[in-house]
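S.K.: below are the sequence and a predicted model for it; my questions follow.
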Amino acid sequence: MVERILFPTDGSAGATATLEHAMDLAADHDAGVHVLTVDEDGGDPPGREVLELAADRVHDRGLEVETTLRDGRPYREILDIAEKTAVDLIVMPTHGRTGLERLLMGSVTAKVMRLADLPVLTACPDAELRYPYRRVLVPTDGSQCAQAALEVAVGLAEGADVPLSILSVVETQGANANIHPSAERDRRQILAERAIESAASNVDGRVPEVSTAVVRGRSIPKAIHEHAAAQRADLIALGTHGRTGLDRYLFGGVTEKLVRTADVPVLTVREPNSE
């Protein structure tokens, strides 16, 4: 259940578009919005003006709004507010005022996604922000982190009363066919099928419809994108780390590539108590 959303903003066009999506979510869940601006270097426009403009938009939607203006390093202030206030979800764009300098994947947004103890929903400035969602897609590898992402996704799908798709991608070998012999490919296929079955059993009866699929692909992010498009999914939810930690759904690997290139918002969830 989402009761309060934290929305960091720098006043950029990407942040403005993402704020609309955050407000749609808040309205559907009867949640409040905590708007945060970090005035790191006294940029233009000033932080106070950015904060007030965003707060006015939230207030005009009839939503409860709280505001905070801070000085400091943006990602640290975002994480501090998230820890000290009763928020359930962080919603933010992947890029900010100066694109490749502010809320950049690999910088503020990446650090928040990697370190936050609560789910983070991000959207590229050019992403299609549709709400209510038509369908929520959850890629899984059967890990605890993927399970944590599934639980959050189910809550959002329940709130929007929409179907849920569960996907597992079996990564195929590259140019060297000897890298993964047939026994290893079969093992990966079995693990993917087990992950799907386990996830589906946890979701059964909680959302209007559940579909499952195991697909093969040389690029996991590409396979996820293609499946999301085919399923007309408007949100992708996944864990930041997967079964093998540092080589599967690793932040900096699959998750980061997916977030960088997604045409729809992406919700990332850390494994509980993960470092």
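M.R.: Sure, I can see it.

S.K.: can you give me the strands in the stretch 151-275 of the chain?
M.R.: 164-171, 210-217, 235-239, 266-269 (DSSP state E, counting those that start in this stretch).

S.K.: now for those strands, which one comes closest to residue 38?
M.R.: strand 266-269 (20.6 Å; Cβ to Cβ). For every residue, glycine as well, the C-beta is placed using N, CA and C.

S.K.: what residues sit buried inside that closest one?
M.R.: The neighbour-count check on strand 266-269 (16 or more other Cβ atoms under 10 Å) flags 266-269 as buried.

S.K.: could you do stretch 202-213 as well?
M.R.: 203, 207, 210, 212.

S.K.: pipe the strands of the stretch 151-275 of the chain into a markdown table and attach mean pLDDT and distance to residue 120 per row.
M.R.: Below are the strands of the stretch 151-275 of the chain laid out as a markdown table (pLDDT from 0 to 100; distance: least, Cβ to Cβ, whole Å):
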| stretch | mean pLDDT | distance to residue 120 |
| --- | --- | --- |
| strand 164-171 | 95 | 20 |
| strand 210-217 | 96 | 24 |
| strand 235-239 | 94 | 11 |
| strand 266-269 | 94 | 5 |
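
S.K.: columns distance to residue 117 on top of the ones you listed, output as a markdown table?
M.R.: Shown next, in a markdown table, are the strands of the stretch 151-275 of the chain (distance: least, Cβ to Cβ, whole Å):
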| stretch | distance to residue 117 |
| --- | --- |
| strand 164-171 | 24 |
| strand 210-217 | 28 |
| strand 235-239 | 14 |
| strand 266-269 | 10 |
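
S.K.: out of those strands, flag the one nearest residue 113.
M.R.: Closest among the strands of the stretch 151-275 of the chain, using Cβ to Cβ: strand 266-269, at 5.0 Å.

S.K.: summarise which helices and strands the closest one is packed against.
M.R.: strand 120-123, helix 144-160, strand 235-239, helix 254-261 (3 or more Cβ pairs under 8 Å, 6 or more residues apart in numbering; DSSP states H and E).

S.K.: just name the most buried of the ones you listed.
M.R.: Highest mean neighbour count of the helices and strands packed on strand 266-269: strand 235-239, a mean of 28 (counted as mean count of other Cβ atoms under 10 Å).
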